[in-house]
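Asks: dropping a prediction and its sequence here:
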Number of protein chains: 2
Amino acid sequence: MADHTYKFNVKMSCSGCSGAVERVLKKLDGVSSYDISLANQEVIVKGSASYDTVLEKIKKTGKEVISGETVE
Amino acid sequence: MADHTYKFNVKMSCSGCSGAVERVLKKLDGVSSYDISLANQEVIVKGSASYDTVLEKIKKTGKEVISGETVE
């Protein structure tokens, strides 16, 4: 399946918060790369996984997802 | 089913971390009450849910669970 890029605006207060999101994405099938920016409150995910799959996984961390979009 | 009490030692660095754990427990069926202490790095959960169910849910937050036990 073709890779997509998704961008999420996630509320993260410290490196423990961003680290938690990272640990979850690292284990998710269909994710080829990700970039988590605590400064920008942004999580960028690339992979073959669907938008909903990635969104649900991030939501399960208990972090508030303010917004999300498919970039490409 | 009888209620049990579980105690987990969870690595939480800020109120965003403990808030994430709280949001997840709030939504979990079979949890009647919980107490999350950032200061003590402790999550105490009471309810009819099994130990494994609660543990898995906390792990899905991406937080490191250092230890866990059934208290009663």
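Replies: Now that the structure is in, tell me what you want to look at.

Asks: please name the nearest non-neighbouring residue to the residue nearest the centre of chain A.
Replies: The residue lying closest to the centre of chain A (CA atoms, centre = their mean) is A:Val43, at 4.6 Å. Distances taken as CB to CB, 6 or more residues apart in numbering or on different chains put A:Phe8 closest to A:Val43, at 4.5 Å, once the chain neighbours are dropped. From N, CA and C alone the C-beta is placed, and that goes for glycine too.

Asks: and chain A, which of its residues are near chain B?
Replies: Neighbours of chain B within chain A, by CB under 8 Å from any CB of the partner chain: A:11-17, A:19-24, A:60-64.

Asks: just those residues: which are in helices?
Replies: A:Ser15, A:Gly16, A:Cys17, A:Gly19, A:Ala20, A:Val21, A:Glu22, A:Arg23, A:Val24 (DSSP state H).

Asks: if we can go back for a sec, using CSV, write down the CA coordinates of the helix or strand that contains the residue nearest to the centre of chain A.
Replies: Using DSSP states H and E, A:Val43 maps to strand A:42-47. Extracted in CSV, the C-alpha atoms of strand A:42-47 (Å, rounded to 0.1, in the frame of the first residue of the first chain):
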residue,chain,number,x,y,z
GLU,A,42,3.1,18.1,16.5
VAL,A,43,3.3,14.4,15.6
ILE,A,44,4.1,13.6,12.0
VAL,A,45,3.6,10.0,11.0
LYS,A,46,4.5,8.3,7.6
GLY,A,47,3.5,4.9,6.7
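
Asks: no more questions from me, cheers.
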